[in-house]
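Q: coords please:
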Amino acid sequence: MWSGQFPMIPHYVIYWALLLSICGYAFWRGTTEERVAAGACLLATIVTVWVIPPIHLRYSAVDPGQLAIDAAMLATFVTIALRSKRFWPLWVAGLQLTMSLSHLMKAIDPGLIPRVYAAAAVAWSYPILLIIFVGTWRAHRRQRQLARPPVAA
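A: Now for the predicted structure:
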């Protein structure tokens with residue numbers, strides 16, 4: 001009989017599934033903006049896996065590798081936002097700024113609890129991906145509407 005409990009799926013499995021599906025969708029249906037944003041997210045995630053410290057050291061101090069990745073992502077998203085005619089890149093750049101400022105928060109207060117630092121540095125990744133998905137969906141919908149021939153009266 002079903003106990004009503006779901007098996008615990010590790011958060012990184014959910015994140016990778018979301019990342020790969022949204023990046024695939026952006027590469028398939030998005031414009032250059034969505035593709036660059038999605039590609040930056042994918043690249044940053046892969047590089048993070050290489051530079052992230054061991055679990056017992058993670059988020060105990062400002063990590064220069066993660067700081068550099070977040071700064072590069074912020075620069076990428078701000079560049080997209082400045083060149084875009086769409087609104088979604090502003091949201092993504094703002095959320096990335098929030099993530100980047102978490103490193104400043106930890107530098108100012110080294111006693112900041114690692115879980116709080118981790119949440120501030122990572123939590124906005126999910127909304128960023130969802131915003132890229134919505135931006136891709138809307139861009140694809142707009143392209144289809146523009147390609148549709150006008151209806152004759």
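Q: elements contacting the helix-or-strand element of the chain with minimal mean pLDDT?
A: With mean pLDDT, DSSP states H and E as the measure, the helix or strand of the chain carrying the lowest mean pLDDT is helix 114-122 (a mean of 89). Helix 114-122 is packed against helix 88-108, with contacts defined by 3 or more Cβ pairs under 8 Å, 6 or more residues apart in numbering; DSSP states H and E. (Each C-beta comes from the backbone N, C-alpha and C, glycine too.)
Q: how about the CA coordinates for the helix it packs on, as CSV?
A: The C-alpha coordinates for helix 88-108 follow below in CSV (Å, rounded to 0.1, in the frame of the first residue of the first chain):
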residue,chain,number,x,y,z
TRP,A,88,13.2,38.8,-19.3
PRO,A,89,17.0,39.5,-19.5
LEU,A,90,16.6,42.3,-16.9
TRP,A,91,15.0,39.8,-14.5
VAL,A,92,17.8,37.3,-15.1
ALA,A,93,20.5,39.9,-14.6
GLY,A,94,18.9,41.1,-11.4
LEU,A,95,18.6,37.6,-9.9
GLN,A,96,22.3,37.0,-10.9
LEU,A,97,23.2,40.2,-9.1
THR,A,98,21.5,38.9,-6.0
MET,A,99,23.5,35.7,-6.2
SER,A,100,26.7,37.6,-6.8
LEU,A,101,26.1,39.8,-3.8
SER,A,102,26.0,36.7,-1.6
HIS,A,103,29.8,36.5,-1.9
LEU,A,104,30.1,40.1,-0.7
MET,A,105,27.7,39.2,2.2
LYS,A,106,30.0,36.4,3.3
ALA,A,107,33.1,38.5,2.9
ILE,A,108,31.6,41.2,5.1
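Q: list the contacts of that helix.
A: 33, 37, 59, 61-62, 66-67, 70-71, 73-74, 77-78, 80-81, 112, 117, 120-122, 124-125, 127-128, 131-132, 134-135, 138 (Cβ atoms under 8 Å, 6 or more residues apart in numbering).
Q: tell me the average confidence for it?
A: In this model, helix 88-108 carries a mean pLDDT of 96.
Q: buried subset of the contacts of helix 88-108, written for PyMOL?
A: With 16 or more other Cβ atoms under 10 Å as the criterion, this PyMOL line picks the buried residues out of the contacts of helix 88-108:
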select buried, resi 33+37+59+62+66+67+70+73+74+77+78+80+81+112+117+120+121+122+124+125+128+131+132+135
